[in-house]
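[1] Pasting the sequence and the predicted coordinates here, then a few questions.
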Amino acid sequence: MIVCEFRPGLEDIPAAQSSISDVDGHKGILEYRGIRIEELAENSTFLETAYLLIWGALPTADQLTSFEQEVREHRRIKYRIRDMMKCFPESGHPMDALQASAAALGLFYSRRDLHNPIYIRDAVVRLLANIPTMVAAFQLMRKGNDPVPPHDELDYSGNFLYMLNEKQPDPLAARIFDVCLILHAEHTMNASTFSARVTASTLTDPYAVVASAVGTLGGPLHGGANEEVIQMLEEIGSVKNVVPYIEDCLQRKAKIMGFGHRVYKVKDPRATILQNLAEQLFAKFGHDKYYDIAQEIERVVEEKLGGKGIYPNVDFYSGLVYRKLGIPTDLFTPVFAIARVAGWLAHWKEQLAENRIFRPTQVYNGHHNLPYKPIEQR
């Protein structure tokens, strides 16, 4: 009998070999296919980055133009999916609506022709194109309004903000949102990506893979953390309340939302970029008092916990950026999903290349040889 070492959360146990992304948590380095995240945020677009992640190399000009056009042509969703979404309860969380809607795509396109490059490309295009439309549509429909159709003249990120806010976005806002998508597109073997790869290993369709990952992302310890950061800032209320709030958290051993990471032991490089994006938005569209509170929280937490490797992660400043872009708090995680679809699809495609279904073992700690008790004796 083989005795296995049990590690809660599979900590430090490799679950796959991958060439998609890499993190050095001690140096604060994140790379997509070997390219630093800072370079991509400065020079790339989300769709170009998605192409890089999924197909393994930056596209040529012709390849990128073709890919962008395909995504643009598939932004509209089936009217039956739209009608289904109208039946969702208005009080439902947008992540639940997104998971159901993503799964529903499989009813229309799940041929599961997984060895056909054309099928793979079509699935990639449809998911990248449809997910933003679904998120924006549910936001308007839960307010009793019809969804805004996609704007064929706008790029990927500008079109989403247009569908969400019913007006053409400022170019700076659209560019900053596009950078946010780049930053959230991929991050090695996180919980939702692991969920995606496990689902993919069964050779189900990619729509089920994405739906599975969306469900995993919705938890407050994963994508939902940025919502809770805003709730924390609202609860604190002012800079003067930061120190007592943090001291109370430390005394109660309560989690400080937006801080700490399983991998990073320094400040998340994405948090640094997001902080800069927030400042660009505030400079043009007006200051947000919660940013002052956030800065003070970072100062206090670094002073008290920096020695333990606890610093801001990607969730800490992203919510402040999304707020300034007019995105409601409970859409923060669906926006995360819009970006992370690129990473999930890259891992889906990589899993197909050398697939073996996941079947981990367990450490059994239950009873043996218990007798069955008749119901009258229980």
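    Noted; the coordinates are in hand.
[2] which ones are touching the closest residue to residue 105 other than its chain neighbours?
    The shortest distance from residue 105 to any non-neighbouring residue, by CB to CB, 6 or more residues apart in numbering, is to residue 207 (4.4 Å). Every residue, glycine included, has its C-beta placed from N, CA and C. Contacts for residue 207 (CB atoms under 8 Å, 6 or more residues apart in numbering) come out as 102, 103, 104, 105, 106, 109, 110, 123, 127.
[3] and the least confident of these?
    Within these, pLDDT reaches its minimum at residue 110, with 70.
[4] measure that one to residue 305 for me?
    From residue 110 across to residue 305, the span is 47 Å (CB to CB, to the nearest Å).
[5] Kindly check the end-to-end length of stretch 8-20 for me.
    25 Å (CA to CA, to the nearest Å).
[6] residues of that stretch that come out buried?
    Under the neighbour-count criterion of 16 or more other CB atoms under 10 Å, stretch 8-20 has 16, 18, 20 buried.
[7] Phi and psi next, for the first one.
    Which is residue 16. As for residue 16, its main-chain torsions (degrees, to the nearest 10) stand at phi -170, psi 160.
[8] Quick check: which element contains the nearest residue to it once chain neighbours are set aside?
    Using CB to CB, 6+ apart and skipping residues adjacent in sequence, the residue nearest residue 16 is residue 197, 6.1 Å away. When secondary structure is defined by DSSP states H and E, residue 197 falls within helix 191-200.
[9] now do residue 231
    helix 225-236.
[10] just checking, what packs against the longest helix along the chain?
    Assignment by DSSP state H gives helix 117-141 as the longest helix of the chain. On a contact count with 3 or more CB pairs under 8 Å, 6 or more residues apart in numbering; DSSP states H and E, helix 117-141 meets helix 46-55, helix 61-73, helix 79-86, helix 94-109, helix 156-165, helix 206-217, helix 332-353.
[11] and if we set it to 6 Å?
    Applying 3 or more CB pairs under 6 Å, 6 or more residues apart in numbering; DSSP states H and E, one finds that helix 117-141 contacts helix 61-73, helix 79-86, helix 94-109, helix 156-165, helix 332-353.
[12] The ones you listed: which one's closest to residue 220?
    In terms of CB to CB, the element of the helices and strands packed on helix 117-141 nearest to residue 220 is helix 332-353, at 9.2 Å.
[13] Rounded mean pLDDT for that closest one, please.
    Helix 332-353 shows a mean pLDDT of 97.
[14] likewise stretch 70-86?
    96.
[15] now do stretch 246-261
    On average, stretch 246-261 scores 92.
[16] For residue 11, give its distance to residue 369.
    Between residue 11 and residue 369 the distance is 33 Å, computed by CB to CB.
[17] next one: residue 322
    For residue 322, the distance to residue 369 - CB to CB - is 56 Å.
[18] Equivalent analysis for residue 291, please.
    As defined by CB to CB, residue 291 lies at a distance of 62 Å from residue 369.
[19] Same check on residue 303?
    According to CB to CB, residue 303 stands 56 Å off from residue 369.
[20] Tell me which of these two has more neighbours.
    Per other CB atoms under 10 Å, whichever of residue 303 and residue 369 has more neighbours is residue 303, with 11 against 4.
[21] Just the pLDDT for the more buried one.
    Note for residue 303: predicted pLDDT of 94.
[22] What lies in contact with stretch 13-32?
    For stretch 13-32, the external contacting residues (CB atoms under 6 Å, 6 or more residues apart in numbering) are 7, 37, 53, 186, 188-189, 194, 263-266, 269, 346.
[23] Residue 147 contacts residue 137, correct?
    Yes. Applying CB atoms under 6 Å as the test, residue 147 and residue 137 come out as touching, 3.6 Å apart.
[24] Output the strand or helix carrying residue 319 in CSV with nothing but the alpha carbons.
    Per DSSP H and E, residue 319 falls inside helix 314-324. This file holds the C-alpha atoms of helix 314-324, laid out as CSV (Å, rounded to 0.1, in the frame of the first residue of the first chain):
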residue,chain,number,x,y,z
VAL,A,314,-4.8,41.7,-7.9
ASP,A,315,-8.2,42.1,-6.2
PHE,A,316,-7.2,45.0,-4.0
TYR,A,317,-7.2,47.9,-6.6
SER,A,318,-9.2,46.3,-9.4
GLY,A,319,-12.5,47.2,-7.8
LEU,A,320,-11.6,50.8,-7.5
VAL,A,321,-10.8,50.8,-11.3
TYR,A,322,-14.1,49.1,-12.1
ARG,A,323,-16.1,51.5,-9.9
LYS,A,324,-14.7,54.5,-11.8
